[in-house]
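>>> Generate a structure from the sequence data that follows.
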Amino acid sequence: MNSFTVRAARWSARHPWRAILGWLVFVVLCLGIGSVVGVNSAKTADYRVGEAGRAEAMAAEGHLERLSTEQVLISARSGTLDRPAAEAAAKDLTARMRRLPDVAGVAEPLLSENHDILMVEVSIKGEERDADAKVDALVAQTRAVQKAHPRLLLQETGSPSTSKGVDDQRDSDLALSEKITLPVTLLTLLLVFGSLTMAAVPLLLALSSIAAAVGLSMVTSHLSPDTGVGTNVILMIGLAVGVDYTLFYLKREREERARSGGRLGSEALVELAAATSGRAVVVSGLAVVASTATLYLASDVIFSSLATGTIVVVLVAVASSLTALPALLVLLGKRAERRAARRAERGKPVRRRDGDGGGRIWGALLRPASRHPLATLCVSVLALLALVTPLAGLKITEMSRDTHSREIPAMRVYDRLNEAFPEQRVTHQVVVRADAARSGEVTAALRKLTELTDADQLFAGASRIRTSADHRTSTLELKVPHLGNSDEAYDSLDHLRDDYLPATLGRIDGAEYGVSGDVARYTDYPAHQNSKLPLVLGALLLVTFAMTVYAFRSVVLGLIGVVLNLLSAAAALGLLVLVFQGTWAEGLLDFHSTGSIGSRVPLFLFVILFGLSMDYQVFVVSRIREAVLAGVPTRQAVLDGIRRSASVVTSAAVVMTTVFTSFVFLHIIEMKQIGFVLAAAVLLDAFVVRIMILPSAMLLLGEASWWPSLGVRRAARTPDHAAPKLPVVDVR
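Numbering: from 1, shown residues only. Sure, this is the predicted structure:
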């Protein structure tokens, strides 16, 4: 009873107003410091991986990198295009764009094959990642020309305007997600506690933790660049774990209050909760942090950003449960004690809630495992394995621009652009670096490459060859008349890399070469991730095993935890494949199937789920181990521990599921998939793994579950007890 969690809770309980004020000051300081230092956003170079990344780096070194571009389409509002009027509008637009400081150049107007659309392409100076912040000035000029030529229709698209549209849509989606999540979470907590005040405590602490984490994430972005997804993951994970940790603590405090029958004061009850659930919260939080940290091994800026956001918000949530929560519980507890005293003075009976946590529902759910553990284990495992089977058809791809929602105006214009100018759909950039003395050989090889691609129907022409000022770097752009997510676009890249480049540039001694572009990125990113997958998963399994062994001093439970986490994650991923790679659920979940799963989803699922599953594993098994150490036989401890914790675990699962399900309503397909798979994984973990499989396995193993724990073996040799005794707490 003198652990760090108890000491922290003891101080907060004895100085509640100081603790609450200190927490509020901490939150404000985090937001204030974060606002001062600002966000360090990831640069284009931070995203480079594989051959495409190396090619982009070589091009940038020679100042030949591709610039971000915007395309303005000029067409008739109805009927045929008035060519002179369209050319006048294009001339006006070109003059306006060239006056903008961020515009690098404006290409000559290009007429579509059917003569219905005139296209003007504008290049933007600077970093590709910064272009969306500069696009508003271009859009303003397009609108000005539209106003000056009302009989024509001017529409703008391009990577910067699309990126800005996606960001705006994501902000709108997150606002909708919050409107759904917060009321449902509050209602769930209200059903759990039967008190609006008690239900508001977890929600308010979670929201304050999120606010502090957002501020801290701005600071940490100067160590690990932010990719724009940090806030998303902080909101999603922060609300889930923040409510969970508070819920675990609150339920234990209420249980101890009911068990003590009024013999212990609020300070002592808080210390008891800190010694049990408080420790479980700390261990769970550290497990989530340790498992999430394995994402850094992926050597990917997006995964690093996701990991940083998750780690920061989990640590802040743990801190709130150790400081502000005990203080709030003491204040609320003393208020309840005063009410009880007034009722007693008036001769009214004092109402007490049963803190047992049992009930007929949980008894019924546990009945199969308690009466037929082997059959329950086999049936449950087989059911999860059945969900795993769709993984045989798993197809992982990088979600391209073509997968964005068509509710974004720039995407609808993008479709018109692709239809009218098929040669503009995909561009491969060939980059070669060699000694300056071999510049002539490089130019000849690139011309030969152009001849080869001209004879290939997968290609639609080439640009002029560009050479750097030092004559060491040269580039050539090749057009492909197919959409970026089509088989033909990927085939063209394969032809280029496997056949044409070795036959031309490959014959120049000492030459380095590569292909970049959107399709090359979409190919190289999953390949890079797959190469890191064994390392990340291996580290994840090792960390999960080590944390479980540390928490329970049991190698057997460590192995069981790893196997169960793998099983539930694989089952959830199989369910994701079943739903999102097919088309049958498109109308139900409002998405357009790409026939694939986003490349970041599986790894993110495994890492986050392994961490979140430790919440349930630690909380449930801690209750069981606590009883066993008090002398209760393992069989009885398993049944009582799971029955006592079942309502908390399922309530926490409902809250988590609500948070994750709200992300299914987002338009971004990868976020939909992440929300769906995490919600499915949490439900499977809480209702199948923790209530069916875990108790069945532990009942079958008996005392062997705790091997080689010396503490449990010593407890097993002591006489059995009907129930654990209340620890003696110093409340002086």
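>>> OK, contacts around the closest residue to S468 other than its chain neighbours?
Sequence neighbours aside, G62 is the residue nearest to S468 in space, at 3.4 Å (criterion: CB to CB, 6 or more residues apart in numbering). In this view, the C-beta of every residue, glycine as well, is placed from N, C-alpha and C. Counting by CB atoms under 8 Å, 6 or more residues apart in numbering, G62 touches 433, 468, 470, 472-475.
>>> ditto for A324
Residues counted as contacts of A324 (CB under 8 Å, 6+ apart) are 12, 19-20, 23, 205, 208.
>>> mind running it again at 10 Å?
Going by CB atoms under 10 Å, 6 or more residues apart in numbering, A324 touches 12, 16, 19-24, 26-27, 201, 204-205, 208-209, 246.
>>> This structure - how does it break down into domains?
Segmentation of the chain into domains, based on automatic domain parsing, reads 1-38+195-346, 68-125+134-164, 409-523, 532-718.
>>> The first one - what's its average pLDDT?
Looking at domain 1-38+195-346 alone, the average pLDDT works out to 88.
>>> Now do the phi/psi pair for S405.
The phi/psi pair for S405 (degrees, to the nearest 10) reads phi -60, psi 140.
>>> I figured it hits M399, correct?
No. Here S405 does not reach M399: they are 11.7 Å apart, not a contact under CB atoms under 10 Å.
>>> hey, what's in contact with both of those two?
Common neighbours of S405 and M399 (CB under 10 Å, 6+ apart) are 668-669.
>>> Looking at those two, which has the bigger crowd around it?
Using other CB atoms under 10 Å as the criterion, S405 and M399 rank with M399 on top: 22 against 17.
>>> how much space between the residue positioned nearest the centre of the chain and V312?
Of all residues in the chain, the one closest to the mean position by CA atoms, centre = their mean is V233, 5.0 Å from it. From V233 across to V312, the span is 10 Å (CB to CB, to the nearest Å).
>>> who touches both of these two?
213, 217.
>>> Spell out which helix or strand contains the closest residue to V233 other than its chain neighbours, please.
Spatial nearest neighbour of V233, excluding adjacent residues (CB to CB, 6+ apart): G309 at 4.3 Å. Using DSSP states H and E, G309 sits within helix 301-322.
>>> By neighbours, which of the contacts of G62 wins?
Neighbour max across the contacts of G62 (other CB under 10 Å) = S474, 26 neighbours.
>>> so it bridges to which residues?
V432, T467 (DSSP bridges).
>>> Can I get the helix holding G309 in CSV, CA atoms only?
Output of helix 301-322 as CSV, limited to C-alpha atoms (Å, rounded to 0.1, in the frame of the first residue of the first chain):
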residue,chain,number,x,y,z
VAL,A,301,6.9,9.4,-40.9
ILE,A,302,3.2,8.7,-40.8
PHE,A,303,3.5,5.7,-38.4
SER,A,304,5.9,7.8,-36.3
SER,A,305,3.3,10.6,-36.1
LEU,A,306,0.6,8.1,-35.2
ALA,A,307,2.9,6.5,-32.5
THR,A,308,3.8,9.9,-31.0
GLY,A,309,0.2,11.0,-30.8
THR,A,310,-0.9,7.8,-29.2
ILE,A,311,1.9,7.7,-26.6
VAL,A,312,1.4,11.3,-25.6
VAL,A,313,-2.3,11.0,-25.0
VAL,A,314,-2.0,7.7,-23.2
LEU,A,315,0.6,9.0,-20.8
VAL,A,316,-1.5,12.1,-20.2
ALA,A,317,-4.6,10.0,-19.5
VAL,A,318,-2.6,7.9,-17.0
ALA,A,319,-1.4,11.0,-15.3
SER,A,320,-5.0,12.3,-15.0
SER,A,321,-6.1,9.0,-13.4
LEU,A,322,-3.3,9.3,-10.8
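>>> So what's the residue count around the closest residue to P109 other than its chain neighbours?
Distance criterion CB to CB, 6+ apart; nearest residue to P109, sequence neighbours excluded, is A90 at 4.3 Å. Applying other CB under 10 Å, we find 24 residues neighbouring A90.
>>> before we move on, what about L557?
For L557, the count of nearby residues is 26 (other CB under 10 Å).
>>> Which of the helices or strands spans it?
Short version: L557 belongs to helix 555-580, going by DSSP H and E.
>>> From the chain's centroid, how far away is that helix?
18 Å (CA atoms, centre = their mean, to the nearest Å).
>>> for the residue nearest to the centre of the chain, what are its contacts?
Neighbouring residues of V233 by CB under 10 Å, 6+ apart: 213, 217, 292, 305-310, 312-313, 604, 608, 674.
>>> Good, wrapping up.
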